[in-house]
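Novice: Need coordinates for the below:
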Amino acid sequence: MNTVVIYPGRFHPFHRGHKASYDALVKQFGEGNVYIATSGLQDADKSPFSFDDKRAMMTKLGIPSDKIVQVKNPYQAREITDQLTPEERADTALVFAVSAKDAERFNFKPKKDGTPSYLQPLPENLKKLKPMTEQGYVVITPTVNFKVKGKDANSASEIRKLYQNGNKKRKKRVFI
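Specialist: Residues are numbered from 1 along each chain as shown. The predicted structure is shown next:
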């Protein structure tokens, strides 16, 4: 069975921790199977970067540009899954990869009729994966600590704060 892994998020900004998560996903599932899904929505405080800004950050860190997809809703990413034919969907497992803090976006509770919800935690035995026509999966990415301007960081919120509080020269150094 094939696998499509979607790493969804706002990525404001995309940082070294995200890159480490992407690299871990590539190691586990293969580079050809992992996609980053993000939108172009912007907001001055929480989402200051355009899709093109984010793609530039990602490619600068070594993400292949063809693995970065602009989507309307990163947590559905139909722009990626709709590219598959019905036959491919019947032979492809769908995995969403999120951080522990973003895992709350997904509900694993059974449906009202008692059957499992569509999305389930990724099983340890990948040979048990069902095709995306039946079920989808969620895997938790590692949280990685790193330094930005000499300060410990592990979230985009921390980096965004450094960026927003800096002058033009300091803003550029936040991403180096």
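Novice: all contacts plus neighbour counts: C-alpha atoms, from now on.
Specialist: Noted.
Novice: Where does the prediction get shaky in the chain?
Specialist: The model of the chain has pLDDT under 70 over residues 145-176.
Novice: now the strands for it?
Specialist: Chain-ordered strands for the chain, with DSSP state E as the definition, fall at 2-8, 34-38, 68-70, 92-98, 119-121, 136-140, 146-148, 151-153.
Novice: ok, and what's touching the second one?
Specialist: Which is strand 34-38. Taking contacts as Cα atoms under 8 Å, 6 or more residues apart in numbering, the residues outside strand 34-38 that touch it are 4-11, 22, 25-26, 51, 67-74, 77.
Novice: any idea of the angle that strand forms with strand 2-8?
Specialist: Here the directions of strand 34-38 and strand 2-8 differ by 30 degrees (axes from the mean of the first three to the mean of the last three Cα atoms, to 10 degrees).
Novice: May I have strand 34-38 exported as CSV, CA atoms only?
Specialist: Only the C-alpha atoms of strand 34-38 are listed here, as CSV (Å, rounded to 0.1, in the frame of the first residue of the first chain):
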residue,chain,number,x,y,z
VAL,A,34,5.5,13.7,2.6
TYR,A,35,3.8,17.0,1.8
ILE,A,36,3.5,20.2,3.7
ALA,A,37,0.0,21.8,3.5
THR,A,38,-0.4,25.4,4.4
